[in-house]
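# predicted model, plus sequence, below.
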There are 2 protein chains.
Amino acid sequence: MQTSKVFFDVVMSLDGFIAPEGMDMAHANDPEYKQWMNKWMQLQHWMFQQQFFRENLKLGEGGETGLANSMLEETFQRTSVSIMGKNMFSGGERFWPEEAPFHTPVFVVTNQVRTPWERPGGTTFYFVTDGIESALRQARAVASNGDIRIAGGANTIQQYLNAGLIDEFTIHYVPVVFGHGTPLFANMNPDIKIKMREAVPSQEVAHITYDVEKR
Amino acid sequence: MQTSKVFFDVVMSLDGFIAPEGMDMAHANDPEYKQWMNKWMQLQHWMFQQQFFRENLKLGEGGETGLANSMLEETFQRTSVSIMGKNMFSGGERFWPEEAPFHTPVFVVTNQVRTPWERPGGTTFYFVTDGIESALRQARAVASNGDIRIAGGANTIQQYLNAGLIDEFTIHYVPVVFGHGTPLFANMNPDIKIKMREAVPSQEVAHITYDVEKR
């Protein structure tokens, strides 16, 4: 029996947003628009302090090596395959470095047929046009017993949650307030049963992990 | 110099609501409406398990005595005075037991002039018609060095937060998803600076405490 877990792991503002208002393809070249870049950096700031993150994105030497760093490294190591939606991919296609930061197969749920796109460093993007369940089946087929990360965005995570396909998730709560943006929890099936498993603080951020009960 | 802290302490759903949709004066006698009572109990469930809460509301013997219980007791003990908005008071006036669960002075921010309302057990409600800053001044005058709790609801908490009058706050994150309801963080001033101080899990709930930086 396959033991892969399906999970997501996101950074969220206190008021529940995983991306600020204005951070979209239309304003990708306009970081001043609604101050989206500044807000995005507030959300990501703690990650840029971590040694593993810096190393993985080739941002330079040094960095913190405490709990937050261990969590980031562990999340990366456990991930055999990622799945993402079309919007996240479109943003990433434009902004990831040539060596995309996954180093695994990535399944993109989209309506656009496209041949696999192989990047240096072990990341290959496969484009799935027949829905989230098909993407998950294909991910399981290559994951062996490693875990499968639903990378984002919010809409894709919501679809997997509502379909009962997520086993567990971690939210990194960053103490900023955006007012507007992309909420993690919208369009949710209220019958979903969630249990808190663990809550720990690091330097700037609280990390809470939840299990989703299987129906 | 007075050392009273001004704080709030709320229970919140994963998607950011401190009260479910439909929990309002118009539907106070209709607990089936939008299932508000059922959802409210999901939010409060962990508190009803705690010895201190059961004792304070005279719900009977027993209950848990771990971390969650200590937090509830400590919050009660530190509170010399509470401040609340008109909506919270109206709901409470109808549903609190005769011995209201505060046992301290309570200042109600309202537009309705009314003489103080004294309850058995040490709770007296004072009605303040000239705004949140006046209510806080009056609370400080009777708080000595005890702390002042902004009891709620969301709108009153937002007003105090945006005015820079809150020193610290605790959110108890309950793993339920409501979809709709009263959000804790709405109409927020995005310039408010918040720092995470502590994150701890108890049985069912994660408790995070934040400090608000003074401008």
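Received, thanks. Numbering: from 1, shown residues only, chains lettered A, B, ... in the order given.

# so residue A:39 lies in a helix, does it not?
Yes - per DSSP: H, G, I helix; E, B strand; the rest coil, residue A:39 lies within a helix segment.

# spell out which parts of chain A neighbour chain B.
A:14-16, A:173, A:175-179, A:183-186, A:188-190, A:192, A:194-201, A:204-208, A:210 (CB under 8 Å from any CB of the partner chain). Every residue, glycine included, has its C-beta placed from N, CA and C.

# of those residues, which belong to strands?
Using DSSP state E to define strands, the subset of the residues of chain A next to chain B located there is A:173, A:183, A:194-201, A:206-208, A:210.

# among those residues, name the buried ones.
A:173, A:183, A:194, A:196, A:199, A:200, A:201, A:206, A:207, A:208, A:210 (16 or more other CB atoms under 10 Å in any protein chain shown).

# what's the pLDDT at the last one?
pLDDT recorded at residue A:210 is 98.

# excluding chain neighbours, what is closest to it?
Spatial nearest neighbour of residue A:210, excluding adjacent residues (CB to CB, 6 or more residues apart in numbering or on different chains): residue A:194 at 5.1 Å.

# hang on, isn't that neighbour packed against residue B:14?
Yes - under the criterion of CB atoms under 8 Å, residue A:194 makes contact with residue B:14 at 6.7 Å.

# show me what contacts the residue most central in space within chain A?
The C-alpha lying nearest the average C-alpha coordinate of chain A belongs to residue A:151 (CA atoms, centre = their mean; 3.2 Å). Contact partners of residue A:151, counting by CB atoms under 8 Å, 6 or more residues apart in numbering or on different chains, are A:8, A:82, A:83, A:84, A:88, A:106.

# which of these fall in strands?
A:8, A:82, A:83, A:84, A:106.

# just to revisit the earlier point, which one of the contacts of residue A:151 is nearest to chain B?
Ranked by distance to chain B (CB to the nearest CB), the contacts of residue A:151 are led by residue A:8 at 13.2 Å.

# check what pLDDT that closest one gets.
We have a pLDDT of 98 for residue A:8.

# check residue A:215 too.
66.

# before we move on, what about residue A:148?
Residue A:148 carries a pLDDT value of 98.

# ok so it is a helix residue?
No - applying three-state DSSP, one finds residue A:148 to be strand, outside a helix.

# ok, it - contacts?
Residue A:148 touches A:4, A:5, A:6, A:7, A:79, A:80, A:81, A:82, A:83, A:136, A:139, A:140, counting by CB under 8 Å, 6+ apart.

# for residue A:171, same thing?
Residue A:171 neighbours (CB under 8 Å, 6+ apart): A:10, A:11, A:12, A:184, A:207, A:208, A:210.
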